[in-house]
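Q: Sequence and predicted structure below; questions after.
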Amino acid sequence: MKAIWNDTVIAESNDTIVVEGNHYFPPASIHKDYFVESDTHTVCGWKGTASYFHVQVGGTQNKDAAWYYPQTSDMAKKIEGYVAFWKGVKVQA
């Protein structure tokens with residue numbers, strides 16, 4: 001699977017985990033140069049507290065376009081630290 005934004009592959013992996021229709025990419029599969037830590041946090045009742053990244057490519061920033069759970073509940077341990085996308089980031093095979 002590839003995550004693409006602004007015509008650039010920002011993450012790529014054969015080992016994504018699909019939860020609630022979202023592909024979660026292993027942390028080592030993201031191209032860190034395109035990610036900037038955000039101060040945004042949200043809470044999911046069964047996964048835990050999510051942290052966000054802004055995705056930055058070619059001088060353009062997509063705010064809070066990626067999220068991950070640094071520490072999950074016991075029910076979501078398999079995606080702990082994995083990164084998922086939205087806000088126009090295409091995820092495709």
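A: Received it, and whenever you're ready, just let me know what you need.
Q: The closest residue to Val19 other than its chain neighbours: neighbouring residues, count only.
A: Counting by Cβ to Cβ, 6 or more residues apart in numbering, Val19 lies nearest to Ile79, which is 5.8 Å off, once chain neighbours are set aside. From N, CA and C alone the C-beta is placed, and that goes for glycine too. Ile79 has 21 neighbours, counted by other Cβ atoms under 10 Å.
Q: cool, Val43 as well?
A: Count around Val43 with other Cβ under 10 Å applied: 8.
Q: Likewise for Cys44?
A: 14.
Q: Who does it form a beta bridge with?
A: Gly48 (DSSP bridges).
Q: wouldn't it be in contact with Ser51 here?
A: No: contact criterion Cβ atoms under 8 Å: Cys44 and Ser51 do not qualify, at 11.9 Å.
Q: got the phi/psi numbers for the residue nearest to Val19?
A: phi -110, psi 10 (degrees, to the nearest 10).
Q: so who does it touch?
A: Residues in contact with Ile79 (Cβ atoms under 8 Å, 6 or more residues apart in numbering) are Ile17, Val19, Tyr24, Lys47, Tyr69, Thr72.
Q: again, but for Asp15
A: Pro26, Ser29.
Q: can you give me the helices for the chain?
A: Taking DSSP state H, the chain contains no helices at all.
Q: ok, back up a step: spell out which residues are contacts of both of Cys44 and Ser51.
A: In contact with both Cys44 and Ser51: Tyr69, using Cβ under 8 Å, 6+ apart.
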